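Enquirer: build me a model:
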Amino acid sequence: MFYTIVLLCLYWRCLNGVFSESLSVMEGDSVTLKVDVNETDKDDEILWKFGAEKLPVAQINRAAEIFDTSDGPDGRFRDRLKLNHQTGSLTITNVTTQHAGLYKLEIIAAKLSSKTFSVSVYTRLPVPVISSNFSCSSSAIQQNCSLLCSVVNVMDVTLSWYKGNSLLSSISVSDLSISLSLPLEVEYQDKNTYSCVLNNPISNQTQHLDISKLCHTCSGTTSSYPLVSLIVLISAAVVGSLLIVAGFGIFCSCRKHRKTDQEDEVTYANLTFNKRNAQKSIKSEHDEEEVEVVYESVFYS
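Expert: Numbering: from 1, shown residues only. I've put the predicted structure just below:
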């Protein structure tokens with residue numbers, strides 16, 4: 001019974017010529033709603049209608065020589081519609097998101113047939129921006145860099161991180177988003193290829209990650225280690241030299257003072273006076289007594 005109902009519905013749709021087609025277009029481009037020439041005759045009347053209200057936007061009546069397009073009630077189609085007089089196809093130029101929606105084609109002939117076009121309009125995608133929130137771990141071996149890929153003013157998009165061709169993470173949004181971002185953390189020494197991709201059903205924008213540029217602070221810190229070590233070694237050598245010179249100066253000063261003290265120190269030996277018997281001879285009244293005095297040698301040490 002179910003399959004019978006389905007077949008009847010399909011037969012009814014074919015009988016009335018009701019078909020649907022989906023089209024996607026980038027904002028600013030053009031899109032053509034094509035009419036199959038086998039479905040029309042030169043005397044057929046063609047009507048194009050837009051939106052749920054089915055507002056007329058274009059008409060062809062060859063018998064009355066009418067080839068007309070409409071700007072729409074709000075003027076959104078002004079200078080944007082081109083009608084092919086031979087086929088009846090309708091082209092919309094410089095498309096904006098205001099032109100997204102349902103378009104209905106009606107062919108009025110011996111029987112009424114129609115076709116519906118669903119038009120989706122996507123804004124042009126911006127290139128994702130990758131920024132870094134750099135931090136080095138306490139370990140000298142592992143250094144991590146926190147990255148953030150972000151876009152603004154997007155709708156119906158998916159933002160993803162890829163490692164080579166492998167998907168790491170993604171986030172999607174259907175409504176208009178002021179800001180959309182996706183984090184990623186990598187090691188500074190990581191040699192893999194990373195990229196951030198923003199895409200919608202008809203286009204994509206890719207930003208490749210350059211770790212050496214975004215995490216340059218960590219690189220600079222790492223490369224400064226030899227310089228710091230050299231400075232420390234030089235400082236230690238200078239301080240050591242100064243200590244040696246100071247120690248040698250103190251040693252010489254002490255030695256000099258010690259020598260001076262030794263030179264100033266005099267050891268006196270005991271003096272012994274030996275008085276020998278003097279022979280007194282009286283030569284005259286004024287002659288003095290002769291006394292022989294013997295001094296022993298005195299040594300200085």
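Enquirer: any regions of the stretch 151-300 of the chain where pLDDT drops low?
Expert: Applying pLDDT under 70 to the stretch 151-300 of the chain picks out residues 216-232, 251, 254-300.
Enquirer: buried residues, stretch 80-95. List them.
Expert: Within stretch 80-95, the residues scored as buried using 16 or more other CB atoms under 10 Å are 80-81, 83, 87-90, 92, 95. For every residue, glycine as well, the C-beta is placed using N, CA and C.
Enquirer: show me the strands in the stretch 151-300 of the chain, by range?
Expert: Remark: strands assigned in the stretch 151-300 of the chain by DSSP state E, counting those that start in this stretch are 157-163, 166-173, 177-187, 194-199, 204-208, 274-275, 293-294.
Enquirer: okay, and which of the buried residues of stretch 80-95 map to strands?
Expert: Of the buried residues of stretch 80-95, the ones assigned to strands by DSSP state E are 81, 83, 90, 92.
Enquirer: pick out the most distant pair among those residues.
Expert: With distance counted by CB to CB, no two of those lie farther apart than 83 and 92, which are 10.7 Å apart.
Enquirer: extract the C-alpha set from stretch 49-66 and format it as PDB.
Expert: Once non-C-alpha atoms are left out, stretch 49-66 reads as follows in PDB (Å, rounded to 0.1, in the frame of the first residue of the first chain):
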ATOM      1  CA  LYS A  49       7.800  34.200  -9.100                       C
ATOM      2  CA  PHE A  50       9.900  34.700  -6.000                       C
ATOM      3  CA  GLY A  51       9.500  33.900  -2.300                       C
ATOM      4  CA  ALA A  52       6.800  32.400  -0.200                       C
ATOM      5  CA  GLU A  53       4.500  35.300  -1.300                       C
ATOM      6  CA  LYS A  54       5.200  34.200  -5.000                       C
ATOM      7  CA  LEU A  55       5.800  37.800  -6.100                       C
ATOM      8  CA  PRO A  56       6.100  38.100  -9.900                       C
ATOM      9  CA  VAL A  57       9.600  39.100 -11.000                       C
ATOM     10  CA  ALA A  58       9.600  38.300 -14.700                       C
ATOM     11  CA  GLN A  59       7.200  37.500 -17.500                       C
ATOM     12  CA  ILE A  60       7.300  36.400 -21.100                       C
ATOM     13  CA  ASN A  61       4.200  36.500 -23.400                       C
ATOM     14  CA  ARG A  62       5.400  36.100 -26.900                       C
ATOM     15  CA  ALA A  63       1.900  36.400 -28.400                       C
ATOM     16  CA  ALA A  64       1.500  39.800 -26.800                       C
ATOM     17  CA  GLU A  65       5.200  40.500 -27.200                       C
ATOM     18  CA  ILE A  66       5.700  41.100 -23.500                       C
END
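Enquirer: average pLDDT for it, rounded please.
Expert: With pLDDT averaged residue by residue, stretch 49-66 scores 91.
Enquirer: buried set for that stretch?
Expert: The neighbour-count criterion (16+ other CB under 10 Å) identifies 49-50, 57-60, 62 as the buried residues of stretch 49-66.
Enquirer: same deal with stretch 107-121?
Expert: For stretch 107-121, a neighbour-count test (16+ other CB under 10 Å) marks 107, 113-115, 117, 119-121 as buried.
Enquirer: and for stretch 206-218?
Expert: Using 16+ other CB under 10 Å, the residues of stretch 206-218 that count as buried are 207, 209, 211, 214-215, 218.
Enquirer: please apply the same query to stretch 182-200.
Expert: Neighbour counts using 16+ other CB under 10 Å place 182, 184, 186-188, 194-200 of stretch 182-200 among the buried residues.
Enquirer: just those now: which is nearest residue 43?
Expert: Within those, distances to residue 43 taken as CB to CB reach their minimum at residue 200, with 42.5 Å.
Enquirer: got phi/psi on that closest one?
Expert: With angles defined as degrees, to the nearest 10, residue 200 sits at phi -130, psi -180.
Enquirer: what's near enough to touch it?
Expert: Taking CB atoms under 8 Å, 6 or more residues apart in numbering as the criterion, residue 200 is in contact with 122, 125, 156-158.
Enquirer: from the residues you listed, pick the one nearest residue 172.
Expert: Compare each of those with residue 172 using CB to CB and the shortest gap goes to residue 158, at 4.4 Å.
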